[in-house]
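J.: got a predicted structure plus its sequence, pasted below:
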Amino acid sequence: FDNNLSKVIAKSLEKRSENRFQSSEEMCNAIYDCLVSRGESCYSVFISYRVASEQPLARLLFDDLNLTVTPAGHRVTVYWDEFCLEKGKDWREGFANGLLTSLCLF
């Protein structure tokens, strides 16, 4: 990342509360803007689940969240292995890339 991320971190650590982010959404938007400004492809949400017992819930979360738009106008992209892993490619690499490029984990 560049200096913009350093500024986001510095702002979140400000001693005076009025100089810090006033909400988690404000901070999330600032981090997201850093990613967008760098041209990084990223996911808003990574869904982690137990295949045997939680797959229907994971599917519901994916269907409800993917490609929605936040009040700030950001498009939500969801990493769900059933949808995002490429057939014939190493699933561990795809999983790790999804995890490392996600802003939030469920």
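T.: Received it, and whenever you're ready, just let me know what you need.
J.: all helices for this structure, in order.
T.: Assignment of helices within the chain using DSSP state H yields the ranges 3-12, 24-38, 51-65, 81-84, 91-100.
J.: which elements pack onto the fourth one?
T.: Of the remaining helices and strands, those touching helix 81-84 by 3 or more CB pairs under 8 Å, 6 or more residues apart in numbering; DSSP states H and E are helix 51-65, helix 91-100. Using the backbone N, CA and C atoms, a C-beta is placed for each residue, glycine as well.
J.: averaging pLDDT over each of those helices, which comes out lowest?
T.: Set side by side, the helices and strands packed on helix 81-84 differ in mean pLDDT, and helix 91-100 is lowest with a mean of 88.
J.: which parts of that helix are buried?
T.: Residues of helix 91-100 classed as buried under the neighbour-count rule (16 or more other CB atoms under 10 Å) are 95, 98.
J.: stretch 74-89 now?
T.: Applying a neighbour-count criterion of 16+ other CB under 10 Å, the buried positions in stretch 74-89 are 74, 76-81, 84-85.
J.: for it, measure first residue to last.
T.: The separation between the terminal residues of stretch 74-89, taken as CA to CA, to the nearest Å, is 30 Å.
J.: re the thing from before, of all the buried residues of stretch 74-89, which comes closest to residue 52?
T.: The closest of these to residue 52 turns out to be residue 81 (CB to CB; 14.1 Å).
J.: residue 72 versus the residue lying closest to the closest one once chain neighbours are set aside, what's the distance?
T.: In this structure, residue 81 finds its nearest non-sequential neighbour in residue 95, 6.3 Å apart by CB to CB, 6 or more residues apart in numbering. Between residue 95 and residue 72 the distance, using CB to CB, to the nearest Å, works out to 29 Å.
J.: need the helices of the chain in CSV with distance to residue 45, can you?
T.: Compiled in CSV, these are given as follows (distance: least, CB to CB, whole Å):
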stretch, distance to residue 45
helix 3-12, 19
helix 24-38, 11
helix 51-65, 6
helix 81-84, 11
helix 91-100, 10
